[in-house]
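Q: turn this into a structure:
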Amino acid sequence: MQAVNAGDYDVVITNIYGALTSSVATLTVLPAAPIITTQAVSRVASVGSSVSFTVAAKGSEPMTCQWQKEGSDLPGATGFTLTLQNVNSSFNGTYRAAVSNSAGFAFSTNVTLVATPVLMWGGRTILSCSLPR
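A: Predicted coordinates:
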């Protein structure tokens, strides 16, 4: 059911003897509270890199999204994708999105960001690297 379906309805029944119209029934479509359909994923990132977290939601429009770090709103972080640039250890922590509309709100699952100076290669940690001469 969509908001465009709201309105007054009646039924007209006809046969060979004539027509009969029902009384009017009013259909009211209530807004649907947001439901998070795609969760963000925790990340480990190299210091100085950029990291993005993305959520998706369904529910009645318009919906808004506010990202939080450690439960506190991040100023200006109001899109469904949060991009953090030039990360360092001060970015380490737990993030989540709060999606809301006129019918309610939903929180995404918590995700963790760890900024590390250690180079990651193919899922393995490389502490030092030397090239052959």
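Q: surely Val4 forms part of a strand?
A: No: secondary structure of Val4 (DSSP: H, G, I helix; E, B strand; the rest coil): helix, not part of a strand.
Q: ok, it - contacts?
A: Taking CB atoms under 8 Å, 6 or more residues apart in numbering, we find Val4 in contact with no residue. The C-beta positions use only the backbone N, C-alpha and C, and glycine is treated the same way.
Q: same thing with the one 4 residues further on?
A: Counting by CB under 8 Å, 6+ apart, Asp8 touches Val24, Ala25, Thr26, Leu27.
Q: relative to the whole chain's centre, how far out is the longest strand seen in the chain?
A: Across the chain, the longest stretch assigned as strand under DSSP state E is strand 93-101. Centroid displacement of strand 93-101 relative to its chain, using CA atoms, centre = their mean, to the nearest Å, is 8 Å.
Q: can you list the weak-confidence ranges in the protein?
A: Within the chain, the segments meeting pLDDT under 70 span 1, 118-133.
Q: which residue of it sits farthest from its center?
A: No residue in the chain sits farther from the centre than Tyr17, which is 56.9 Å out by CA atoms, centre = their mean.
Q: the one helix or strand Asp8 maps to pairs with which strands, parallel or anti?
A: Assessed by DSSP states H and E, Asp8 sits inside strand 7-9. According to DSSP bridges, strand 7-9 forms sheet pairs with strand 25-27 (antiparallel).
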